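[1] fold the following, please.
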Amino acid sequence: MLKKTLDHIKRSPFLQDNLILFLGLFIAGIGGFIYHFVMGRLLGPADYGALGALLSIAYIFLIILNTTQMGIARITAQLVVEKADKKISFAFKKLLKELSIIGFVFLLFYLLISPFISRYLHVTLFSTRVMSVALFFILLLSLPRGIMQGLQRFSLLSVNNATESFIKLAFGILFVLLGYGVAGAIGAIVFGYALAFLIGIYHFRSFFRTQEQSYPFTRQLYDYTFYLGLVLTSLTLYYTVDVLIVKHFFDEVQAGYYAALTILGKVLFFGSSSIGQVMFPKVISLHAQGKPHKHLFYKSCLLALLFLFPVLFIYFTFPTFIVNILFGAQFLEIAPLLGLFGLYMITFCFIYLFSYYFVSLGNSWPFLGLLFFFNFLEIYLLYEFHDSLSQVITLLISLSLIFLVILYGKFLRTKDA
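    This is a model prediction of the structure:
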């Protein structure tokens, strides 16, 4: 049985790439979740709640990384079909210059708004400002990772993600133990992004020596990236705005509980995120050649289910053990909510997978309008109904199920070529 499974994987590039990226992101995820579990123990519920709120801001700004990465991956995948290596080299060098300038602008912008963020979230101004340094490297990191994804070099992409994760873990422990608290935990994230970027650039150093061919890709890239940025902004807000609203309305300890709960729930999301990343360039390639592509979405859903359901079963069956072993006894109040939050995250995982599929086919402004409608609906409902953490989670599950049904109906109407 095992031999047949391995032979099937060897014969399927789609399964091979999914396995490679899944393992890489799984290892990266282990480092990332250890970081959160250690920070939760070292900082305690109140300070961890502050860290969770700041990281929600970081997740929103990570839209920049994901958006630009996917835009670069799309351009690269199309050039691979054309076998235009010189154009890829030209795009790489041009984007490195442009993204450096844009990244500096984002850094200055965040510094200007950091006092407002600090007051709203009730966190120190210094911790908020430390986050600004990460923005520069967040944007730059999208370049090497976008090239890796577009070239379908998933092993290299896996290693880069894992490296970032464990650098963040090592420096996070060091800085917090040295007494820098929340600011130290955020500073470790800056180091992770910076070193991952430098390593990524080193892997593509040959582009600096390769003969280039001028290619007018900028308008195409930025038009698509603008649309994609709005899509990913909507999706990121969908799974982060609840943390910000809870931090605003609930006391520090309850906000810390919810931050820990979301980290455990995101095991499901980040554990399955590699599937969409593999599907994305492959659907682009098939769509560009006028070939059927829906079968890749069905395969992606099946792979997601194989990972998501076992984790959800564990969350419903052993919640106290999971919370106690990972966050400690001081967080045991969230144990009864773990399975429900896992159910919410499963619905969001499929919303995300649908979205990756739709954006791989090109711009669709009605789809974007649908995403933002559910953003506004989520914010409105959470502001109206937040009597308890359980009420917040129940609301999120109900809203996501309705959203998922609508997206499935759209998928059925999409042409398979």
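
[2] where does the prediction get shaky in the stretch 101-250 of the chain?
    210-213, 215-216 (pLDDT under 70).

[3] neighbouring contacts of stretch 256-267?
    Applying CB atoms under 8 Å, 6 or more residues apart in numbering, the contact partners of stretch 256-267 are 29, 33, 36-37, 40, 44-49, 51-53, 239, 242-243, 246-247, 250, 311, 315, 322-323, 326-327, 331, 333-334, 337-338, 341-342, 344-345, 389, 392. No exception for glycine: its C-beta is placed from N, CA and C like everyone else's.

[4] just those residues: which are in helices?
    Among the contacts of stretch 256-267, the residues falling in helices (DSSP state H) are 29, 33, 36-37, 40, 44-49, 51-53, 239, 242-243, 246-247, 311, 315, 322-323, 326, 338, 341-342, 344-345, 389, 392.

[5] about what we covered before: pull out the buried members of the contacts of stretch 256-267.
    Among those, those classed as buried by 16 or more other CB atoms under 10 Å are 29, 33, 36-37, 40, 45, 47-49, 51-53, 239, 242-243, 246-247, 250, 311, 315, 322-323, 326-327, 331, 334, 337-338, 341-342, 344-345, 389, 392.

[6] the helix or strand containing residue 127: what's the following helix or strand?
    According to DSSP states H and E, residue 127 maps onto helix 125-150. Remark: after helix 125-150, the chain's next helix or strand is helix 154-177, criterion DSSP H and E.

[7] next secondary structure element downstream of that following helix?
    helix 181-203.

[8] buried set for that next one?
    181-197, 199-201.

[9] nearest spatial neighbour of residue 342, skipping sequence neighbours?
    Spatially, and ignoring its direct neighbours in sequence, residue 342 is nearest to residue 315 (4.1 Å; CB to CB, 6 or more residues apart in numbering).

[10] that neighbour: what's it in contact with?
    Neighbours of residue 315 in contact, by CB under 8 Å, 6+ apart: 264, 322, 338-339, 341-342.

[11] and for residue 180, the neighbour number?
    Using other CB atoms under 10 Å, the number of residues around residue 180 comes to 18.

[12] sorry, slip of the keys, the one I care about is residue 274.
    Around residue 274 there are 28 residues (other CB under 10 Å).

[13] please begin residue numbering at 57 from this point
    With 57 as the first residue, the last one maps to residue 330.

[14] ok, now how distant is it from residue 432?
    30 Å (CB to CB, to the nearest Å).

[15] with residue 289 as the reference, measure out to residue 462.
    To residue 289, residue 462 is 19 Å away according to CB to CB.

[16] look at those two and report which has more neighbours.
    Taking other CB under 10 Å, residue 462 and residue 289 do not tie; residue 289 has more neighbours (19 against 15).

[17] tilt between the one helix or strand that one maps to and helix 181-206?
    Applying DSSP H and E as the criterion places residue 289 in helix 274-305. For helix 274-305 against helix 181-206, the angle by axes from the mean of the first three to the mean of the last three CA atoms, to 10 degrees is 140 degrees.

[18] which other helices and strands does helix 274-305 contact?
    helix 69-138, helix 141-177, helix 308-344, helix 394-416, helix 421-440, helix 445-468 (3 or more CB pairs under 8 Å, 6 or more residues apart in numbering; DSSP states H and E).

[19] will you turn those helices into CSV that also has distance to residue 263?
    Conversion of those to CSV gives the following (distance: least, CB to CB, whole Å):
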stretch, distance to residue 263
helix 69-138, 12
helix 141-177, 5
helix 308-344, 19
helix 394-416, 25
helix 421-440, 33
helix 445-468, 37
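
[20] against residue 128, how distant is residue 256?
    From residue 256 over to residue 128 (counting by CB to CB), the distance is 12 Å.

[21] identify the contacts common to these two.
    By CB under 8 Å, 6+ apart, the residues touching both residue 256 and residue 128 are residue 199.

[22] thought residue 426 was touching residue 465?
    No: Residue 426 is beyond contact range of residue 465, at 10.9 Å (criterion: CB atoms under 8 Å).

[23] once you drop chain neighbours, what's closest to residue 324?
    residue 401 (4.3 Å).

[24] which ones are touching that neighbour?
    295, 321-322, 324-325.
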